[in-house]
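# any chance you could fold what I've pasted below:
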Amino acid sequence: MPATDSANTDSAKTANAADGILDAALDHVPFDGWSEATLTAAAEDQGQTLAMAKALFPRGGLDLALAYHRRGDAQMLAALTAADLDAMRYRARVIFALRARLEAADRELVRRAATLMALPQNAPEAARAMWNTADAIWTALGDTSEDGNWYSKRAILSAVYSSTVLYWLGDDSEDQADTWDFLDRRIENVMQFEQSKARIKASPVLRNTIGLPFKLLESLRKPAESEPLPGGSRS
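Modelled structure (predicted):
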């Protein structure tokens, strides 16, 4: 077997083993959280050694939780690919993406992850995960910004998503109707902000008086393809 084929086979086996352990972990998280105990039990369920499990998830429950978050992003992107986005207004596309992201998640698993990510030492990983979700959404929706708007869009959407997640975790309304109303209001705020930016950009007077932050944004450039994202890596 050629070396390339062998490497691809090994990579696929590793990915399958990681997916299997994550699948098994989901049954244990409601009881043990995203923890070493969950990783140990999941490895046993899959017939994997603990050494293998720790090689795949070296930070234990934290890496398991992050893998679950990335899986949710992938499921959201699949929903976006299958949807008829051309039939939606741009605002509706953003709402659809965020709803798809939440609807792909299990509330108890996310609640347990939120508890873990609230620990001070995990704050950078929490911010990185939110940023990567926002980047995935804007990229899937065809964002072409190259300047500071690239950063502001992702920062604002990260804040919208994180606040919506917290609201969703405590929402007992039927079919989470209150969450979707909350999300709709937050997106309306974003649209108003974008309209304000457009008015400032179009008015020389406003640009000269209150437009300094926007001038600074315009001086920024999105990361090159070879550079890591502000919230994490491109890998």
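# give me the element the residue nearest the centre of the chain is part of.
Taking C-alpha atoms, centre = their mean, the centroid of the chain lies closest to Thr133, which sits 2.3 Å from it. Assigned by DSSP states H and E, Thr133 belongs to helix 123-140.
# now that helix: buried residues?
Across helix 123-140, burial judged by 16 or more other C-beta atoms under 10 Å covers 125-138, 140. Just so you know, the C-beta spots here come from the backbone N, C-alpha and C atoms, and that holds for glycine as well.
# show me the chain divided up by domain.
Split into domains by automatic domain parsing, the chain comes to 1-58, 61-235.
# one step back: and the contacts of the helix holding Thr133?
If you take C-beta atoms under 8 Å, 6 or more residues apart in numbering as the criterion, helix 123-140 is touched by 62, 66, 69-70, 72-73, 76-77, 80-81, 94, 97-98, 101, 117-118, 153-155, 157-158, 161-162, 229-232.
# I'd assumed Ala55 was in a strand, is it?
No: per DSSP: H, G, I helix; E, B strand; the rest coil, Ala55 lies outside any strand segment and is helix.
# from Gln48, how far out is it?
Separation of Ala55 from Gln48 (C-beta to C-beta, to the nearest Å): 10 Å.
# more crowded one of those two?
Gln48 (18 against 13; other C-beta atoms under 10 Å).
# look at the more buried one and give its secondary structure.
Three-state call for Gln48 (three-state DSSP): coil.
# quick one, phi psi at it?
phi -100, psi 150 (degrees, to the nearest 10).
# these two touch, right, it and Asp19?
No: counting by C-beta atoms under 8 Å, Gln48 sits too far from Asp19 to count as a contact (11.7 Å).
# which ones are touching Met76?
Ala97, Ala100, Arg101, Ala104, Thr133, Ala136, Ile137.
# what residues are up against the fourth one?
If I follow you right, that is Ala104. Contacts of Ala104 by C-beta under 8 Å, 6+ apart are Gly72, Gln75, Met76, Ala79.
# just the buried residues of these.
Among these, those buried by neighbour count (16+ other C-beta under 10 Å) are Gly72, Met76, Ala79.
# pLDDT at the first one, what is it?
The confidence metric pLDDT takes the value 97 at Gly72.
# check the last one too.
Ala79 is assigned 97 on the pLDDT scale.
# got a list of what it touches?
By C-beta under 8 Å, 6+ apart, Ala79 lies in contact with Ala100, Ala104.
# tilt between the helix or strand harbouring it and helix 123-140?
Using DSSP H and E, the element containing Ala79 is helix 61-82. Interaxial angle, helix 61-82 versus helix 123-140 (axes from the mean of the first three to the mean of the last three C-alpha atoms, to 10 degrees): 10 degrees.
# distance from helix 61-82 to the middle of the chain?
7 Å (C-alpha atoms, centre = their mean, to the nearest Å).
# now swap in stretch 35-43 and tell me
Put simply, stretch 35-43 sits 24 Å off its chain's centre (C-alpha atoms, centre = their mean).
# buried stuff in that stretch?
Buried positions in stretch 35-43, judged by neighbour count with 16+ other C-beta under 10 Å: Ser35, Glu36, Thr38, Leu39, Thr40, Ala41, Ala42, Ala43.
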